[in-house]
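[1] Sharing a model that was predicted from the sequence below.
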Amino acid sequence: MSAPEPRVITSLTNDRIKAIRALEMRKVRRETGLFVAEGASILVTAREAGFVPTSLVYQAGSAGSPVARSLVAWALGAGADVLEVSEAVLAKLASKENPQAMLGVFRQRWVELPAKTAGDDCWLALEEVRDPGNLGTIVRTVDAVGAKGVILIGNACDPYSREAVRATMGSVFAVPLVKTSREAFLAWRADWRGDVVGTHLDAREDFRRAAYKGPVLLVMGSEGPGLSDSLTRACSRLVKIPMAGKLDSLNLAVATALTLYQIRGGALRM
């Protein structure tokens with residue numbers, strides 16, 4: 001029996017190509033449970049994390065490097081639909097900014113709210129985060145600091161959108177993701193054993209001076225409105241990031257990174 005080989009596609013109207021293009025729409029990602037990740041380096045990260053693509057697409061003539069060849073072989077060996085496409089077809093599938101010559105289609109992974117936590121665990125909850133670039137950067141930071149995962153509360157943007165996935169630089173394959181309602185989150189939070197920390201403009205405690213009690217659940221509000229009243233009340237500790245200039249707040253991804261690194265400071269010492 002001969003080894004499987006890529007299928008060559010040059011038509012923009014091919015049904016498989018149209019199905020992959022449709023994953024740009026959140027509705028289709030939600031219905032299919034699939035998403036697109038671009039770039040050989042991100043695909044290597046996916047492979048190392050145990051993900052297997054349902055499809056792998058690459059531009060004809062671009063798979064000559066050892067890394068690219070190994071990714072094609074990996075996808076074929078896993079039974080994925082491997083497509084060698086023309087430059088015109090890839091241009092319809094890849095991002096318009098800094099397009100990549102290879103992309104993969106993967107199944108989304110969602111996990112449940114954690115039933116148990118250890119004393120040094122740290123989880124991040126985001127309430128209705130709206131910007132996919134911010135969300136992707138935050139997922140990357142959660143991976144960097146060794147936090148346990150991200151809980152998306154309410155009407156949040158999609159971490160599996162193309163912009164968010166790209167901003168994670170592959171961390172979307174390593175960081176557990178939870179989506180839940182505000183009501184379900186508050187019910188679950190009632191059993192949290194350690195600090196539930198929120199950043200708030202009206203807080204009096206400097207985030208750098210707080211003695212955090214683990215496990216720590218950090219709760220961040222959406223861009224602009226910040227934490228809702230119900231989630232503010234659910235926090236056992238409110239902290240602030242002091243400002244020396246005229247602004248009263250930081251970009252959400254920056255504020256989250258600063259706070260996570262402070263909370264995780266002891267765990268990150270080498």
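    Yep, that arrived.
[2] Could you give the bridge partners of residue 107?
    Beta bridges link residue 107 to residue 34 when assigned by DSSP bridges.
[3] ok, now which ones touch it?
    Residue 107 is in contact with 33, 34, 51, 54, counting by Cβ atoms under 8 Å, 6 or more residues apart in numbering. Every residue, glycine included, has its C-beta placed from N, CA and C.
[4] Residue 87 too?
    59, 60.
[5] List phi and psi for it.
    phi -60, psi -40 (degrees, to the nearest 10).
[6] For it, give its distance to residue 94.
    For residue 87, the distance to residue 94 equals 10 Å [Cβ to Cβ, to the nearest Å].
[7] still on that earlier bit, of all the contacts of residue 107, which two lie farthest apart?
    For these, the farthest-apart pair by Cβ to Cβ is 33 and 51; their separation is 13.1 Å.
[8] which of these two has more neighbours?
    Set side by side, residue 33 and residue 51 give different neighbour counts by other Cβ atoms under 10 Å, the larger being at residue 51 (18 against 13).
[9] Check whether that one really touches residue 80, as I assumed.
    No: using Cβ atoms under 8 Å, residue 51 is not in contact with residue 80; the gap is 10.9 Å.
[10] per-residue confidence at the residue nearest to residue 52 when sequence neighbours are not counted?
    The shortest distance from residue 52 to any non-neighbouring residue, by Cβ to Cβ, 6 or more residues apart in numbering, is to residue 78 (4.6 Å). pLDDT, residue 78: 94.
[11] again, but for the one 4 residues further on
    According to the model's per-residue confidence, residue 82 sits at a pLDDT of 96.
[12] Mind putting the contacts of residue 107 into TSV with pLDDT?
    Formatted as TSV, those follow (pLDDT from 0 to 100):
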residue	pLDDT
33	98
34	98
51	96
54	97
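[13] Tell me the one of these nearest residue 127?
    For the contacts of residue 107, the minimum distance to residue 127 (Cβ to Cβ) is 24.1 Å, reached by residue 33.
[14] which ones are touching the residue nearest to that closest one when sequence neighbours are not counted?
    Among residues not flanking residue 33 along the chain, residue 108 sits closest, at 5.1 Å (Cβ to Cβ, 6+ apart). Residue 108 is in contact with 29, 33, 34, 35, 160, counting by Cβ under 8 Å, 6+ apart.
[15] Pull out the buried members of those.
    Buried residues within the contacts of residue 108, counting neighbours by 16 or more other Cβ atoms under 10 Å: 29, 34, 35, 160.
[16] Max pairwise distance over those residues: which two?
    Taking Cβ to Cβ, the two most distant members of the buried ones among the contacts of residue 108 are 34 and 160; they sit 8.4 Å apart.
[17] on that earlier part again, looking at the buried ones among the contacts of residue 108, spot the one nearest residue 242.
    residue 160 (35.2 Å).
[18] any idea how far residue 188 is from the residue nearest to the spatial centre of the chain?
    For the chain, the residue nearest the mean C-alpha position is residue 172 (3.9 Å; Cα atoms, centre = their mean). Remark: distance between residue 172 and residue 188 (Cβ to Cβ) = 23 Å.
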